[in-house]
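Chemist: coordinates only, no sequence provided:
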C-alpha cells in the first residue's frame, strides 16, 4: 500500500495484520512495550510461554497499559489456556497498577507475572535480572 497524497490509511489500523498464530518459547515485546507497535492482534498471533516487558519511562508511556491490557484480550482468544509468564525488566507504577487491577483476570487466563529481586552488577552498572530455564 502506498501512502501518497491520494491514499489515506484507515485511522484504525493494527500494528500487525491478521494471520495464523506463531508459537514461541520467549518473546521480547517490541519497542519497550509501547502501544504504537503492539496491540491485541500481536498477542492473538504471537503466542509465547514467556513475554519480556521492558520499559521504565512513564513520560513515554513505556510500558504501556494498553499493551498489558492487549495481552489479556489477545490471550483470552487462544484455544488453549497454556501458562504464560510475564517478565517485567523494571518495577514500574504502570506494571504494579495493572497487576493489582487485573489480577483475577490474569489468574483466569493462566498468566503469571514474575517478580525478581535479583540484581546483576557489571562494572559500574547494576540492573534487575531473572533466570529463565526453558
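Modeler: In hand now; what should we look at? Note that the coordinates shown come from a computational prediction; the quantities given were computed from them, not determined experimentally.
Chemist: can you show me the helices along this protein?
Modeler: 30-33, 40-45, 65-75, 93-101, 103-108 (DSSP state H).
Chemist: now the last one, how far from the chain's geometric center?
Modeler: Centre-to-centre, helix 103-108 and its host chain are 16 Å apart (C-alpha atoms, centre = their mean, to the nearest Å).
Chemist: list the buried residues of it.
Modeler: residue 106 (16 or more other C-beta atoms under 10 Å). (Glycine included, C-beta is placed from N, CA and C.)
Chemist: try the second one
Modeler: By neighbour count, and taking 16+ other C-beta under 10 Å as the criterion, the buried residues in helix 40-45 are 40-44.
Chemist: likewise for the third one?
Modeler: Judged by neighbour count (16+ other C-beta under 10 Å), helix 65-75 contains these buried residues: 65, 67-72, 74-75.
Chemist: just checking, what packs against that helix?
Modeler: helix 40-45, strand 46-53, strand 84-88, helix 93-101, strand 111-113 (3 or more C-beta pairs under 8 Å, 6 or more residues apart in numbering; DSSP states H and E).
Chemist: can you list the ones you listed in TSV and add distance to residue 119?
Modeler: Shown next, in TSV, are the helices and strands packed on helix 65-75 (distance: least, C-beta to C-beta, whole Å):
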stretch	distance to residue 119
helix 40-45	29
strand 46-53	17
strand 84-88	14
helix 93-101	17
strand 111-113	18
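Chemist: looking at these, which is closest to residue 126?
Modeler: strand 84-88 (16.7 Å; C-beta to C-beta).
Chemist: in the protein, which helix or strand is least confident?
Modeler: helix 30-33 (a mean of 68; mean pLDDT, DSSP states H and E).
Chemist: any stretches of the protein with poor pLDDT?
Modeler: Along the chain, the model assigns pLDDT under 70 to residues 1-16, 31-35, 58-62, 116-118, 128-134.
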